[in-house]
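Undergrad: predicted model follows, preceded by the sequence.
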Number of protein chains: 2
Amino acid sequence: MHDEDTKSLALGTVERRNRGSGQVSPFDRWVLRKLIEAVGGLPYAVVLWNGEEIPARRGTARNTVRVNTRRAFYRALANPNRYFGDDYCAGDIEIEGDIVTFFQDVYRIVELVQKRSALSQLFAWIDRPQAGTLARSRTNIHYHYDLGNTFYELWLDREALQYTCAYFPQPDLTLEQAQVAKMHHICRKLRLKAGERVVEAGCGWGGLALFLARHYGATVRAYNISREQISYARARAQAVGLADRVEYIEDDYRNICGQYDAFVSIGMLEHVGPSQYHELGKVIDQCLTERGRGLIHNIGRNKPLVTTSWIERRIFPGSYPPTLREMMAVFEPFSFSVIDVENLRLHYAQTLEHWLSRYEDHVPEVQARYGHTFVRAWRLYLAGSIASFSTGWLQLYQVLFQRAQDNDVPWTRAYMYS
Amino acid sequence: MHDEDTKSLALGTVERRNRGSGQVSPFDRWVLRKLIEAVGGLPYAVVLWNGEEIPARRGTARNTVRVNTRRAFYRALANPNRYFGDDYCAGDIEIEGDIVTFFQDVYRIVELVQKRSALSQLFAWIDRPQAGTLARSRTNIHYHYDLGNTFYELWLDREALQYTCAYFPQPDLTLEQAQVAKMHHICRKLRLKAGERVVEAGCGWGGLALFLARHYGATVRAYNISREQISYARARAQAVGLADRVEYIEDDYRNICGQYDAFVSIGMLEHVGPSQYHELGKVIDQCLTERGRGLIHNIGRNKPLVTTSWIERRIFPGSYPPTLREMMAVFEPFSFSVIDVENLRLHYAQTLEHWLSRYEDHVPEVQARYGHTFVRAWRLYLAGSIASFSTGWLQLYQVLFQRAQDNDVPWTRAYMYS
């Protein structure tokens, strides 16, 4: 069953289910009514598989949700995290109107529901970890990483191909300007000086490493396990004449060796997994000089959540956004001094708005190559992520640290803003 | 035994022990030599109770330590955290030269030693929690809190009597300027507007509450369990005509009621104890409006340390500086969003330098009132604290937070520096 799902999603050959047919029983209506009562009314209309419409709570109809099969209805109730995404991609659930607003509404409802203990326990049960989910999800890794550089080039910034949160000191910056601003922000925080040695853990397509060398005169070793990204990065470094100052290494962060004045890792920690945080801290402890500075930038949470969500199964297998408390497992055992933490979650919502908008501009090309289901899957992922960051379900942490005994700390953080 | 110690310390009537008498045995010398070898040489000379001098490691003699009794020697070896302070106060151990430098050297040696596993285990054993220490220490609470306002007025700032870390945007500010800068820094972080309601948990002598009302137009309710401090604060508010806008309440932070636009707590969390962090978070969750901001400012650590140190027994009973990880127990259960963390430990070292310098200027008055041992105890505490902050053994965290779904967050933190 699951393999079939994977295949149909991957190939985009979705067989539509018996949409618009079948009866809605009194029991179905009773379940739906109870659900709507429990959450205090829905801010969107619901159209059931027989065409019957349940209107939205008065004055709030911003979207219409079409539930096209009874199966999708009960799957969404039983485990929305797990099934909603697949059923949406398959077209068994449709959202008319702004999908970002829809998800923001959903997150607000869930937040509200979690505050009532009885319902909260029900949702916790629904959201319980599913045995074997991780193992199954491994088969989906190609959803994200084997899509090829050209797919991401369609909608990421053209400046440095950054697949991480940008920084908008003014919210009306272009995506390119905001990604450059992000890289400057990181370099300023690290107080990077010409000639310093930087190691980057998880370098993506290598854009930041080139930037550090070009604009701050750094010598960079950048690690990544993706062969395709490393090839791309090396070619770029050659093309811009920086191959002598930027070395890309196809290897795991755990194999980092050498001594560096700065350690930087942007958008990797989410994929490391809490069990490896101590190991990561050890690697940093071994490679950072006595006067070295470090910066980790990652998606996080306010409180821990074991998700079996669709995004983690279909888009980012194995990812885990940690809380600040959990992140401290990187720093605490090695007595690193956390100098500064900044939460940039609204910058990620803004970044994703740009990505989604560019993605929508390229839907015809994406559909031609990957099919209809794929188009819907990525729309769901980008829109859902905007909603997560803009409603506070996800955070974006930048943590600056150095060694406990290093007193070379500026008296104020004004230098980050000059 | 312990009660006698307490009494003699409290009354300042220390009976000097058999200083300068007694033999140094070959075994004593062997123990000392082994110790010095283990830590790679001492950066200060040691003069033993028979007058015999062991020179410092070549080129490093910044201080001389006089160990005036064999008892003090073995007590310092067996449990320095516990006995060094008392023996120093009693005059059985003396430090010639700069006492701050001495402690900085000690902390560096301990840091070094902790990196070698065998010695580290030995020191962990020496430093193990002592059953009953807390119960005994309760008898010493008067060391800190019953000293009277006049004692603190001798050496705290004259502006707002702040017994917490100041903020030095320029390191050459006076203590008064730096305490004012600290209060402005806190208000800017909180983006405090005229007419807003602020609640302060642990208000000391009430200086910050007055400042919030006077300079930011806030209405403040400030809680403190110390009757003496509350009386002082109320009198001050009356004197400056702000009694209608600043209300001081003699009560525990757990009894805070009402709704507030901002929650602020400066230097209280160290005294709350980790078991109560959840309760503190609950109080904040109950009293903060949907758009409310909060700031907690406290002494902390890079990694947890169960101390039985002299300072905690004699000066600050029951205090516990938490790590950032531990602090998250305040925020995480209530899904507060941590917006910003700043580590100001070097500002505390600087603050303490000012305090120590003023304290030394007033030693004759302190000695006349509290006696010789008391003078030494407070010198030890202030100097030891400078060394703790300047070598990275202690941190000073300012954590800014607000509700998860509140998107009213400035795009950059430049507003804190304008």
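TA: That came in fine, so what should we check first? Numbers count the residues shown, from 1 in each chain, chains lettered A, B, ... in the order given.

Undergrad: give me the low-pLDDT residue ranges for chain A?
TA: A:1-21, A:61, A:114-146, A:306-309, A:312 (pLDDT under 70).

Undergrad: what is the subsequent helix or strand relative to the longest helix seen in it?
TA: Looking across chain A with DSSP state H, the single longest helix is helix A:372-390. Next along the chain after helix A:372-390, taking DSSP states H and E as the criterion, comes strand A:395-402.

Undergrad: so which other helices or strands are in contact with that next one?
TA: Under the contact criterion of 3 or more Cβ pairs under 8 Å, 6 or more residues apart in numbering or on different chains; DSSP states H and E, strand A:395-402 touches helix A:175-189, strand A:288-300, helix A:324-331, strand A:337-343, helix A:345-361. From N, CA and C alone the C-beta is placed, and that goes for glycine too.

Undergrad: for the residue nearest to A:Pro274 when sequence neighbours are not counted, give me its contacts.
TA: Nearest residue to A:Pro274, sequence neighbours excluded (Cβ to Cβ, 6 or more residues apart in numbering or on different chains): A:Glu326, at 5.6 Å. By Cβ atoms under 8 Å, 6 or more residues apart in numbering or on different chains, the contact set of A:Glu326 is A:Pro274, A:Tyr277, A:Pro304.

Undergrad: tell me which of those residues is nearest to chain B?
TA: Proximity of those to chain B (Cβ to the nearest Cβ) peaks at A:Pro304, which lies at 7.6 Å.

Undergrad: you'd agree that closest one is in a strand?
TA: No. The assignment for A:Pro304, made by DSSP: H, G, I helix; E, B strand; the rest coil, is coil rather than a strand.

Undergrad: quick one: residues contacting it.
TA: Contacts for A:Pro304 were tallied using Cβ under 8 Å, 6+ apart; they are A:Pro322, A:Thr323, A:Glu326, B:Glu332.

Undergrad: top of these by neighbour count?
TA: Greatest neighbour count in the contacts of A:Pro304, by other Cβ atoms under 10 Å in any protein chain shown, goes to A:Pro322: 23 neighbours.

Undergrad: and the closest residue to that one other than its chain neighbours, how far from A:Val272?
TA: Nearest non-adjacent residue to A:Pro322, counting by Cβ to Cβ, 6+ apart: A:Gly300, 5.5 Å away. Separation of A:Gly300 from A:Val272 (Cβ to Cβ, to the nearest Å) stands at 12 Å.

Undergrad: can you check A:Phe263 too?
TA: Distance, A:Phe263 to A:Val272, by Cβ to Cβ: 14 Å.

Undergrad: for A:Gly217, same thing?
TA: Taking Cβ to Cβ, one finds A:Gly217 at 29 Å from A:Val272.

Undergrad: got the residues of the stretch 201-350 of chain A near chain B?
TA: A:302-304, A:323-325, A:328-329, A:331-333, A:335-343, A:345-347 (Cβ under 8 Å from any Cβ of the partner chain).

Undergrad: ignore the last one, the stretch 1-150 of chain A
TA: Within reach of chain B by Cβ under 8 Å from any Cβ, the stretch 1-150 of chain A has these residues: A:Arg108, A:Glu111.

Undergrad: nearest to chain B: which residue in the stretch 1-150 of chain A?
TA: For the stretch 1-150 of chain A, Cβ to the nearest Cβ, closest residue to chain B: A:Glu111, 6.7 Å.

Undergrad: just checking, that residue touches A:Ala387?
TA: No. If you go by Cβ atoms under 8 Å, A:Glu111 and A:Ala387 don't touch, sitting 11.7 Å apart.

Undergrad: quick revisit: which one's more surrounded, A:Phe263 and A:Val272?
TA: Taking neighbours as other Cβ under 10 Å, A:Phe263 and A:Val272 compare with A:Phe263 leading, 26 against 23.

Undergrad: and stretch A:155-164, which residues are buried?
TA: For stretch A:155-164, the neighbour count (16 or more other Cβ atoms under 10 Å in any protein chain shown) marks A:Trp155, A:Leu156, A:Asp157, A:Glu159, A:Ala160, A:Leu161, A:Gln162, A:Tyr163, A:Thr164 as buried.

Undergrad: what's the closest of the residues you listed to B:Leu77?
TA: A:Thr164 (52.4 Å; Cβ to Cβ).

Undergrad: I figured the closest one was touching A:Gly202, is that so?
TA: No. Between A:Thr164 and A:Gly202 there is no contact under Cβ under 8 Å: 9.5 Å.

Undergrad: need the overlap of contacts for these two.
TA: Joint contacts of A:Thr164 and A:Gly202 (Cβ under 8 Å, 6+ apart) are A:Ile266, A:Gly267.

Undergrad: can you give me the domain assignment for chain A?
TA: Domain segmentation of chain A under automatic domain parsing yields A:3-126, A:134-417.

Undergrad: redo the ones you listed as CSV? Include distance to B:Val31.
TA: Shown next, in CSV, are these (distance: least, Cβ to Cβ, whole Å):
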stretch, distance to B:Val31
domain A:3-126, 59
domain A:134-417, 28
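
Undergrad: could you look over the ones you listed and pick the most buried one?
TA: Among those, domain A:134-417 has the highest mean neighbour count (mean count of other Cβ atoms under 10 Å in any protein chain shown), at a mean of 19.

Undergrad: how far does that domain sit from its chain's centre?
TA: Distance, stretch centre to chain centre, for domain A:134-417: 10 Å (Cα atoms, centre = their mean, to the nearest Å).

Undergrad: may I see the contacts of A:Pro304 arranged in a markdown table, with distance to B:Ile54 as well?
TA: A markdown table is the format used below for the contacts of A:Pro304 (distance: Cβ to Cβ, whole Å):
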| residue | distance to B:Ile54 |
| --- | --- |
| A:Pro322 | 50 |
| A:Thr323 | 51 |
| A:Glu326 | 48 |
| B:Glu332 | 51 |
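
Undergrad: need the max-distance pair from those residues.
TA: Spatial extent of the contacts of A:Pro304 (Cβ to Cβ) is set by the pair A:Pro322 and B:Glu332 at 11.3 Å.

Undergrad: ok, residues contacting the helix or strand where A:Tyr107 lies?
TA: Using DSSP H and E, A:Tyr107 maps to helix A:99-114. Residues outside helix A:99-114 that contact it (Cβ under 8 Å, 6+ apart): A:38-40, A:42-44, A:62-63, A:65, A:95, A:119-120, A:123, A:356, A:379-380, A:383-384, A:386-388, A:390-391, A:393, B:404-405.

Undergrad: how about the longest helix of chain A and chain B, touching?
TA: Yes. Helix A:372-390 reaches chain B (Cβ under 8 Å from any Cβ) through A:Ser390.

Undergrad: mind saving the C-alpha coords of that helix as PDB?
TA: Extracted C-alpha coordinates of helix A:372-390, given in PDB (Å, rounded to 0.1, in the frame of the first residue of the first chain):
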ATOM      1  CA  HIS A 372       0.500  17.000 -11.100                       C
ATOM      2  CA  THR A 373       0.800  15.300  -7.600                       C
ATOM      3  CA  PHE A 374       4.300  16.500  -7.200                       C
ATOM      4  CA  VAL A 375       3.200  20.100  -8.000                       C
ATOM      5  CA  ARG A 376       0.500  19.800  -5.300                       C
ATOM      6  CA  ALA A 377       3.000  18.200  -2.800                       C
ATOM      7  CA  TRP A 378       5.500  21.100  -3.100                       C
ATOM      8  CA  ARG A 379       2.700  23.700  -2.900                       C
ATOM      9  CA  LEU A 380       1.500  22.100   0.300                       C
ATOM     10  CA  TYR A 381       5.000  22.000   1.700                       C
ATOM     11  CA  LEU A 382       5.800  25.600   1.000                       C
ATOM     12  CA  ALA A 383       2.400  27.000   2.000                       C
ATOM     13  CA  GLY A 384       2.300  24.800   5.100                       C
ATOM     14  CA  SER A 385       5.700  26.000   6.100                       C
ATOM     15  CA  ILE A 386       4.700  29.700   5.700                       C
ATOM     16  CA  ALA A 387       1.800  29.000   8.000                       C
ATOM     17  CA  SER A 388       4.100  27.200  10.500                       C
ATOM     18  CA  PHE A 389       6.500  30.000  10.800                       C
ATOM     19  CA  SER A 390       3.900  32.800  10.700                       C
END
